[in-house]
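Asks: got a predicted structure here, sequence first:
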Amino acid sequence: MRRERKVWGERWLIRRDSTHATSILKLDKGFQCSWHRHQSKFNLFVVLRGKVGVVTKQLDESYPMTVLTTGEVFTTKPGEWHKFVVLEDSEMLEEMYVEYHESDIERENQGGSFLPKLGDI
């Protein structure tokens, strides 16, 4: 696990690859992250402890804030401008991921089969 100090607290990066990232965010009251968006990834926030606002930028130039408390979840879509505002010292799970589509899998044939005898493989 890699720890990164941020203006708003600390990110404890658990896992990151080309399609997914998992972090625990330790958030300090009174701080916020910068406005940002992700080109292809969804951003899932789960408040583990505390109170956090997630602000999104709408097409009509409004900026609604969803206030999340312990156990609540919020997801942003790719291309959606957002930031979080720390309303009290908090901990939050952050997942960034690419959406799964059924068409993602390519099969050689549509059915399963019995395993052949080891000598036949």
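Replies: Received it, and whenever you're ready, just let me know what you need.
Asks: which ones are touching the residue nearest the centre of the chain?
Replies: Computing the C-alpha centroid of the chain and ranking residues by Cα atoms, centre = their mean puts Glu95 first, at 2.6 Å. The contact partners of Glu95, taken as Cβ atoms under 8 Å, 6 or more residues apart in numbering, are His20, Ala21, Thr22, Phe42, Asn43, Leu44, Val46. (Each C-beta comes from the backbone N, C-alpha and C, glycine too.)
Asks: can you tell me the element the residue lying closest to the last one once chain neighbours are set aside falls in?
Replies: If the residues on either side of it in the chain are set aside, Val46 comes closest to Leu93, at 4.2 Å by Cβ to Cβ, 6 or more residues apart in numbering. With elements delineated by DSSP states H and E, Leu93 resides in strand 82-97, which encompasses its position.
Asks: in that strand, what's buried?
Replies: Neighbour-count burial for strand 82-97 flags 82-87, 90-92, 94-97 (criterion: 16 or more other Cβ atoms under 10 Å).
Asks: ditto for stretch 9-23
Replies: Residues of stretch 9-23 classed as buried by neighbour count (16+ other Cβ under 10 Å): Gly9, Arg11, Ala21, Ser23.
Asks: also stretch 44-57?
Replies: Burial within stretch 44-57, assessed by neighbour count using 16+ other Cβ under 10 Å, is assigned to Phe45, Val46, Val47, Gly50, Lys51, Val52, Gly53, Val54, Val55, Thr56.
Asks: any chance of these in JSON lines, with distance to Glu72 and pLDDT too?
Replies: Below are these laid out as JSON lines (distance: Cβ to Cβ, whole Å; pLDDT from 0 to 100):
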{"residue": "Phe45", "distance to Glu72": "9", "pLDDT": "97"}
{"residue": "Val46", "distance to Glu72": "8", "pLDDT": "98"}
{"residue": "Val47", "distance to Glu72": "5", "pLDDT": "98"}
{"residue": "Gly50", "distance to Glu72": "11", "pLDDT": "98"}
{"residue": "Lys51", "distance to Glu72": "9", "pLDDT": "98"}
{"residue": "Val52", "distance to Glu72": "9", "pLDDT": "98"}
{"residue": "Gly53", "distance to Glu72": "11", "pLDDT": "97"}
{"residue": "Val54", "distance to Glu72": "10", "pLDDT": "97"}
{"residue": "Val55", "distance to Glu72": "15", "pLDDT": "96"}
{"residue": "Thr56", "distance to Glu72": "15", "pLDDT": "95"}
